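>>> Structure here, sequence nowhere to be found:
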């Protein structure tokens with residue numbers, strides 16, 4: 001009897017051990033199967049991109065990853081940080097790679113400059129992490145409709161933006177909304193001190209707004225900025241067609257961006273925020289052109305022709321304050 005009891009105990013222990021071993025072996029795969037947004041480890045390609053900068057940079061990185069992964073026949077995944085920034089605004093579809101999975105993958109870093117190059121059509125590697133701050137239409141404009149779909153707004157965001165704009169119509173019957181984004185903040189000193197460049201001044205904005213006033217019967221200018229005090233002091237609102245609606249909160253840029261993107265046309269100054277506002281709004285876009293000196297180191301990493309769409313309208317910056325040392 002004692003031997004029989006001992007045999008049963010050993011057999012039970014062995015079965016329990018084998019069962020636990022099987023559970024431990026398949027648990028990771030069961031977890032991945034239950035979450036369709038996660039890649040299966042080491043069985044398929046996984047491409048991603050760094051998550052750097054604020055909203056405009058994140059959009060550029062997302063769109064570039066989307067296009068290059070598709071071009072190279074690879075599956076794109078975004079980092080959780082990028083998902084947290086973009087998903088509250090847009091109906092993005094790229095899956096998210098988990099933190100655990102991210103650290104287990106043997107990434108090959110691949111640095112990008114800010115314009116499309118032929119070698120980017122032939123990037124080798126199953127596990128590629130794109131790096132840099134890409135934001136050039138040359139990467140993704142051939143997929144414009146897909147990119148616009150990726151950056152389509154959630155219904156509640158669209159409704160709020162359209163409600164704001166509708167409130168500005170007043171008695172106007174043929175209103176044309178022009179979004180105006182004025183980049184100030186750190187650019188006020190970064191451009192002249194680091195890049196031998198300038199930011200937009202009062203004269204530039206007057207010219208750009210004058211273009212739309214001459215072309216459209218009842219334009220309404222919706223001004224957003226991270227320097228709204230400067231805008232109120234330098235943009236003439238006496239005609240009654242200028243509205244300072246942006247809140248300028250760089251940590252919560254969604255409201256400002258949605259307002260700009262739902263306008264008919266765009267006036268931007270510099271920066272990826274304004275570039276993407278113009279890209280999503282469609283219509284006509286006016287931008288600040290030639291805003292650095294010819295020997296600016298900025299031109300080594302920035303190509304205007306790869307940044308601004310050919311049909312966009314450039315107005316040259318006034319570089320005289322830079323030469324005389326009176327920028328700001």
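Received it, and whenever you're ready, just let me know what you need. What you see is a predicted model; the values in this text were computed from it and never measured.

>>> so residue 208 touches residue 289, yeah?
No: under the criterion of Cβ atoms under 8 Å, residue 208 makes no contact with residue 289, lying 11.1 Å away. No exception for glycine: its C-beta is placed from N, CA and C like everyone else's.

>>> list residues touching both of those two?
Shared contacts of residue 208 and residue 289, defined by Cβ atoms under 8 Å, 6 or more residues apart in numbering, are found at residue 315.

>>> Looking at these two, which one has more neighbours?
With other Cβ atoms under 10 Å as the criterion, residue 208 and residue 289 differ in neighbour count, and residue 208 comes out ahead with 24 against 15.

>>> Tell me the backbone dihedrals of residue 228, please.
Backbone torsions for residue 228, taken as degrees, to the nearest 10, come to phi -60, psi -30.

>>> how close does it get to residue 299?
30 Å (Cβ to Cβ, to the nearest Å).

>>> where does this structure dip in pLDDT?
Along the chain, the parts satisfying pLDDT under 70 run over 1-43, 246-251, 325-328.

>>> Okay, strands next: where are they in it?
Counting by DSSP state E, one finds strands in the chain at the ranges 46-49, 108-111, 127-131, 175-182, 218-225, 242-244, 265-267, 285-289, 313-316.

>>> To residue 307, which of these lies closest?
Ranking these by distance to residue 307, with Cβ to Cβ as the measure, places strand 285-289 first at 8.5 Å.

>>> in the closest one, what's buried?
For strand 285-289, a neighbour-count test (16 or more other Cβ atoms under 10 Å) marks 285-288 as buried.

>>> now, among these, which is nearest to residue 191?
residue 288 (10.5 Å).

>>> so that closest one sits right up against residue 200, yeah?
Yes: here residue 288 lies in contact with residue 200, judged by Cβ under 8 Å, at a distance of 5.0 Å.

>>> now the spatially most central residue of the chain, nearest residue through space, not along the chain?
The centroid of the chain falls nearest to residue 59 when counting by Cα atoms, centre = their mean (1.7 Å). Computed as Cβ to Cβ, 6 or more residues apart in numbering, the closest residue to residue 59 that is not its neighbour in sequence is residue 276, at 5.0 Å.

>>> Residue 65 now?
The shortest distance from residue 65 to any non-neighbouring residue, by Cβ to Cβ, 6+ apart, is to residue 49 (4.0 Å).

>>> cool, residue 79 as well?
residue 51 (4.6 Å).

>>> same check, this time on residue 298
If you skip the residues right next to it in sequence, residue 298 has residue 195 as its closest partner in space, 4.0 Å away by Cβ to Cβ, 6+ apart.

>>> number of nearby residues for that neighbour?
18.

>>> For it, list the residues it contacts.
For residue 195, the contacting residues are 292, 296-298, taking Cβ under 8 Å, 6+ apart as the criterion.

>>> what about the helices in the protein?
When assigned using DSSP state H, the helices of the chain occupy the ranges 2-34, 55-71, 80-86, 99-104, 137-140, 144-150, 155-166, 187-194, 202-215, 228-234, 254-261, 272-281, 304-307, 320-324.
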